[in-house]
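Enquirer: I need the structure of the sequence given here:
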Amino acid sequence: MTKVIYFDGASKGNPGPGAAAAVLEEDGEIFLSRKSEQHVTNNVAEFHGLILAIQLAVGHGYEDVEFRGDSQLVVNMVNGKFTARNEKMKELLLHARKGLATIPKWTITWVPRDKNARADKLCNMALV
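Expert: Numbering: from 1, shown residues only. A predicted model of the protein is given here:
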(Lines give C-alpha, C1' and ligand atoms only; values in the text may rest on other atoms or scores of the structure.)
Protein backbone atom coordinates (compact mmCIF):
# COMPACT_ATOMS: atom_id res chain seq x y z
CA MET A 1 0.00 0.00 0.00
CA THR A 2 1.35 3.40 -0.98
CA LYS A 3 1.97 5.80 1.91
CA VAL A 4 1.43 9.50 1.22
CA ILE A 5 3.65 12.06 2.93
CA TYR A 6 3.15 15.80 2.45
CA PHE A 7 6.04 18.22 2.81
CA ASP A 8 6.53 21.97 2.85
CA GLY A 9 9.03 24.65 3.71
CA ALA A 10 8.86 28.37 4.29
CA SER A 11 11.07 31.30 5.16
CA LYS A 12 10.13 34.57 6.75
CA GLY A 13 11.85 36.96 4.45
CA ASN A 14 13.76 35.47 1.59
CA PRO A 15 16.25 34.68 3.01
CA GLY A 16 15.19 34.64 6.63
CA PRO A 17 14.38 32.25 9.45
CA GLY A 18 13.07 29.05 7.91
CA ALA A 19 10.91 26.10 8.81
CA ALA A 20 10.26 22.72 7.25
CA ALA A 21 7.50 20.20 7.86
CA ALA A 22 6.43 16.72 6.84
CA VAL A 23 2.98 15.26 7.50
CA LEU A 24 2.07 11.59 7.43
CA GLU A 25 -1.50 10.48 7.99
CA GLU A 26 -1.79 6.94 9.31
CA ASP A 27 -3.97 5.65 12.14
CA GLY A 28 -4.27 9.25 13.29
CA GLU A 29 -1.61 11.77 12.39
CA ILE A 30 2.12 12.16 12.85
CA PHE A 31 3.44 15.70 12.44
CA LEU A 32 7.10 16.56 12.17
CA SER A 33 8.32 20.12 12.00
CA ARG A 34 11.64 21.81 12.38
CA LYS A 35 12.55 25.45 12.68
CA SER A 36 15.85 26.64 11.32
CA GLU A 37 17.46 29.53 13.17
CA GLN A 38 19.68 30.37 10.23
CA HIS A 39 18.75 32.45 7.24
CA VAL A 40 17.51 30.28 4.41
CA THR A 41 15.67 30.91 1.19
CA ASN A 42 12.21 29.55 0.64
CA ASN A 43 13.58 27.01 -1.86
CA VAL A 44 16.11 25.70 0.68
CA ALA A 45 13.34 25.41 3.29
CA GLU A 46 11.21 23.48 0.77
CA PHE A 47 14.06 21.00 0.22
CA HIS A 48 14.42 20.62 4.00
CA GLY A 49 10.73 19.69 4.08
CA LEU A 50 11.29 16.98 1.48
CA ILE A 51 14.30 15.68 3.39
CA LEU A 52 12.16 15.48 6.57
CA ALA A 53 9.55 13.55 4.60
CA ILE A 54 12.18 11.14 3.28
CA GLN A 55 13.54 10.63 6.81
CA LEU A 56 10.01 9.93 8.03
CA ALA A 57 9.47 7.33 5.30
CA VAL A 58 12.82 5.64 5.89
CA GLY A 59 12.34 5.70 9.67
CA HIS A 60 9.04 3.85 9.30
CA GLY A 61 10.50 1.38 6.82
CA TYR A 62 8.07 2.31 4.06
CA GLU A 63 8.78 0.73 0.70
CA ASP A 64 6.18 2.51 -1.44
CA VAL A 65 5.79 6.25 -0.89
CA GLU A 66 4.24 9.18 -2.70
CA PHE A 67 5.72 12.49 -1.61
CA ARG A 68 3.48 15.49 -2.22
CA GLY A 69 4.61 19.10 -2.06
CA ASP A 70 3.62 22.49 -3.38
CA SER A 71 7.09 23.49 -4.59
CA GLN A 72 7.25 23.05 -8.35
CA LEU A 73 10.98 23.74 -8.19
CA VAL A 74 11.72 20.89 -5.76
CA VAL A 75 9.37 18.43 -7.48
CA ASN A 76 10.80 19.21 -10.91
CA MET A 77 14.41 19.01 -9.71
CA VAL A 78 13.87 15.62 -8.10
CA ASN A 79 12.05 14.38 -11.20
CA GLY A 80 14.96 15.57 -13.37
CA LYS A 81 12.99 18.21 -15.28
CA PHE A 82 14.95 21.12 -13.77
CA THR A 83 18.68 21.34 -13.11
CA ALA A 84 20.12 22.59 -9.84
CA ARG A 85 22.51 25.42 -10.65
CA ASN A 86 23.67 26.82 -7.34
CA GLU A 87 25.84 24.79 -4.99
CA LYS A 88 23.40 24.73 -2.05
CA MET A 89 20.58 23.42 -4.25
CA LYS A 90 22.90 20.81 -5.78
CA GLU A 91 23.88 19.67 -2.29
CA LEU A 92 20.26 19.42 -1.13
CA LEU A 93 19.21 17.59 -4.30
CA LEU A 94 22.03 15.08 -3.83
CA HIS A 95 21.03 14.59 -0.19
CA ALA A 96 17.39 14.00 -1.18
CA ARG A 97 18.34 11.57 -3.95
CA LYS A 98 20.53 9.55 -1.58
CA GLY A 99 17.60 9.20 0.80
CA LEU A 100 15.20 8.34 -2.00
CA ALA A 101 17.58 5.64 -3.23
CA THR A 102 16.88 3.73 -0.01
CA ILE A 103 13.14 3.57 -0.73
CA PRO A 104 12.28 0.78 -3.21
CA LYS A 105 9.32 2.56 -4.84
CA TRP A 106 8.58 6.27 -4.65
CA THR A 107 7.06 9.14 -6.58
CA ILE A 108 7.04 12.86 -5.98
CA THR A 109 4.04 14.91 -7.04
CA TRP A 110 3.26 18.61 -7.11
CA VAL A 111 0.02 19.60 -5.40
CA PRO A 112 -1.57 23.05 -5.08
CA ARG A 113 -0.97 24.82 -1.76
CA ASP A 114 -4.57 24.25 -0.62
CA LYS A 115 -4.01 20.49 -0.92
CA ASN A 116 -0.91 20.83 1.28
CA ALA A 117 -2.59 22.83 4.05
CA ARG A 118 -1.40 20.85 7.06
CA ALA A 119 2.29 20.96 6.16
CA ASP A 120 1.95 24.64 5.24
CA LYS A 121 0.27 25.39 8.58
CA LEU A 122 3.02 23.61 10.52
CA CYS A 123 5.67 25.71 8.78
CA ASN A 124 3.82 28.93 9.49
CA MET A 125 3.32 27.97 13.15
CA ALA A 126 7.06 27.34 13.51
CA LEU A 127 7.83 30.78 12.09
CA VAL A 128 5.68 32.75 14.56
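Enquirer: Leaving out the residues flanking it, which one is nearest to the residue positioned nearest the centre of the chain?
Expert: Relative to the mean C-alpha position of the chain, the nearest C-alpha, by Cα atoms, centre = their mean, is the one of Leu50, at 2.0 Å. Computed as Cβ to Cβ, 6 or more residues apart in numbering, the closest residue to Leu50 that is not its neighbour in sequence is Phe7, at 5.0 Å. Where you see a C-beta, it was placed from the backbone N, CA and C, and this is true even at glycine.
Enquirer: Kindly indicate whether the residue nearest to the centre of the chain is helix, strand or coil.
Expert: Three-state assignment for Leu50 (DSSP: H, G, I helix; E, B strand; the rest coil): helix.
Enquirer: got it, and Thr83?
Expert: Under three-state DSSP, Thr83 falls in the coil class.
Enquirer: Over to Glu46?
Expert: Glu46 is classified as helix under three-state DSSP.
Enquirer: Ends of stretch 59-69, what's the gap?
Expert: Stretch 59-69 has its terminal residues 19 Å apart, counting by Cα to Cα, to the nearest Å.
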